[in-house]
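J.: how does the following fold in three dimensions:
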Amino acid sequence: MHGRRRFRTTVSTTVAAATAALLCAGALTGCTSEEPAPTTTPATGAATTRPTPKPAPEREPAWDVSPASVAAVGDSVTRAFDACEVLADCPEVSWATGTDATVNSLALRLLGPAEVATRSWNLARTGARMAELPEQMAAAAAEKPELVTVMMGANDACRPTPDLMTPVADFRVFFEAALARLRKGAPKAQVYVASVPDLKHLWSTGRLIPEGLEVWKLGLCGSMLADATDLGPAAERRRSTVQERVVAYNAVLRDVCAKDARCRYDGGAVFGFRFDGGQLSPWDWFHPSKDGQARLAELAYRRITKE
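T.: Reported below is the predicted structural model:
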């Protein structure tokens, strides 16, 4: 009798344990312990601890190829300086936000003629350098745009002499601060960053135009354009120094932009574009003409709408 009673107790205990195990297996929660479940290594029979799965990394935001609003920041190129008349801005033909159908600006292509006036903002300033970009970015962020275009840096290299050019380290600090200002006010805005134009190519093109040489004597971009017909070693070294600085600026734009998931650099497209005489202003032979502005709009649109 006593032996049979012990047998029944053992069986009951075993059935209860099996039932509990089945209930836990059928439920997703409620039966787990605080410690990771031990497993047995087949080769040694030793108990091991199953590692806790790591959470999946957050996916980068998808790039929107059809943003519904555009804010433009930058310098005289975005203001279309000298594109319509001498020594004057002409924002209606700006590559970024212009309304002129012959230029077919980026905003015109993205938004259509009915929306350009109310859904795009040109916040660039002729003569601006990178140190001003954080302030411009703050103004752009206030508009809550879906896309911000940046074309800045030519004036940092275009100084009276090369020794006055913005140091590369400072250029980087200003650009990083500018993106931070934008992210503070408009964290989801996309950014298109255009490379700094090839100033040495502009010199080599314009120096063949007598009218351009006369205008350049007034002091336009002295670091590159001064003594434009001088091909001596000292002049060539000066121009090469400026060219190297522009290349370094573009490396900064590329690297800083790459750290922002919502930023696209143009891949050097503007730097690599070969402006000819017809694409330069007939008043200074340095800034883009209406045709030059149209080419910049095309480059930007191609990059921004790439899937």
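
J.: so what's the backbone phi/psi at D89?
T.: phi -70, psi 150 (degrees, to the nearest 10).

J.: that one touches T126, doesn't it?
T.: Yes: using Cβ atoms under 8 Å, D89 is in contact with T126, at 5.8 Å. C-betas here are computed from N, CA, C, even on glycine.

J.: pLDDT on stretch 260-279, on average?
T.: The pLDDT scores in stretch 260-279 average 96.

J.: and if you look at stretch 109-128?
T.: Per-residue pLDDT over stretch 109-128 has a mean of 97.

J.: distance between the ends of it?
T.: 26 Å (Cα to Cα, to the nearest Å).

J.: buried residues in it?
T.: Buried residues in stretch 109-128, defined by neighbour count with 16 or more other Cβ atoms under 10 Å: 109-111, 116, 119-126, 128.

J.: looking at those, which are in strands?
T.: 120-122 (DSSP state E).

J.: thinking again about what came up before, pull up the overlap in contacts between D89 and T126.
T.: Listed as contacting both D89 and T126 by Cβ atoms under 8 Å, 6 or more residues apart in numbering are 76, 79, 81.

J.: with these in mind, which one is nearest to S289?
T.: Closest to S289 out of the shared contacts of D89 and T126 is F81 (11.1 Å), distances taken as Cβ to Cβ.

J.: that closest one: neighbour count?
T.: 25 (other Cβ atoms under 10 Å).

J.: contacting residues for it?
T.: Contact analysis of F81 by Cβ under 8 Å, 6+ apart lists 88-90, 126, 281, 287.

J.: now the buried members of the residues you listed.
T.: With neighbours counted by 16+ other Cβ under 10 Å, those contain buried members at 89-90, 126, 281, 287.

J.: which secondary structure state does V191 sit in?
T.: strand (DSSP: H, G, I helix; E, B strand; the rest coil).

J.: so what sits opposite it in the bridge?
T.: Counting by DSSP bridges, V191 forms beta bridges with V148, C263.

J.: what about it, distance to P145?
T.: Applying Cβ to Cβ, to the nearest Å, the value for V191 to P145 is 10 Å.

J.: same thing with S120?
T.: From S120 to P145 the distance is 8 Å (Cβ to Cβ).

J.: where do the contact lists of these two overlap?
T.: With Cβ under 8 Å, 6+ apart, S120 and P145 have common neighbours 69-71.

J.: nearest to G292 among the residues you listed?
T.: Each of those was checked against G292 using Cβ to Cβ; the closest is V70, at 19.6 Å.

J.: who's in contact with the closest one?
T.: 96-97, 106-107, 110-111, 119-121, 145-149.

J.: got the phi and psi for it?
T.: Backbone torsions of V70, given as degrees, to the nearest 10, read phi -140, psi 130.

J.: for it, give the beta-bridge partners.
T.: Beta-bridge partners for V70, by DSSP bridges, are S120, L147.

J.: from V150, how far off is it?
T.: V70 sits 12 Å away from V150, going by Cβ to Cβ.

J.: ok, which stretches of the stretch 201-307 of the chain are strands?
T.: 263-265 (DSSP state E, counting those that start in this stretch).

J.: how about the stretch 1-150 of the chain?
T.: Counting by DSSP E, counting those that start in this stretch, the strands of the stretch 1-150 of the chain are 38-40, 47-49, 70-74, 120-122, 147-151.

J.: averaging pLDDT over each of those strands, which comes out lowest?
T.: strand 38-40 (a mean of 45).

J.: before we move on, the earlier item: in TSV: the buried residues of stretch 109-128, plus distance to P134.
T.: Output for the buried residues of stretch 109-128, formatted as TSV (distance: Cβ to Cβ, whole Å):
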residue	distance to P134
R109	28
L110	25
L111	26
V116	26
R119	24
S120	21
W121	17
N122	18
L123	12
A124	14
R125	13
T126	18
A128	11
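
J.: quick revisit: now distance to A300 too, for the contacts of V70, in CSV please.
T.: As requested, the contacts of V70 are exported to CSV (distance: Cβ to Cβ, whole Å):
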residue, distance to A300
A96, 7
T97, 11
L106, 5
A107, 10
L110, 10
L111, 14
R119, 16
S120, 13
W121, 16
P145, 15
E146, 15
L147, 10
V148, 12
T149, 7
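
J.: mind showing which ranges of the stretch 51-200 of the chain have poor pLDDT?
T.: The stretch 51-200 of the chain contains residues with pLDDT under 70 at 51-60.

J.: which residues in it form helices?
T.: Remark: helices assigned in the stretch 51-200 of the chain by DSSP state H, counting those that start in this stretch are 106-111, 116-119, 133-142, 154-157, 168-185, 199-206.
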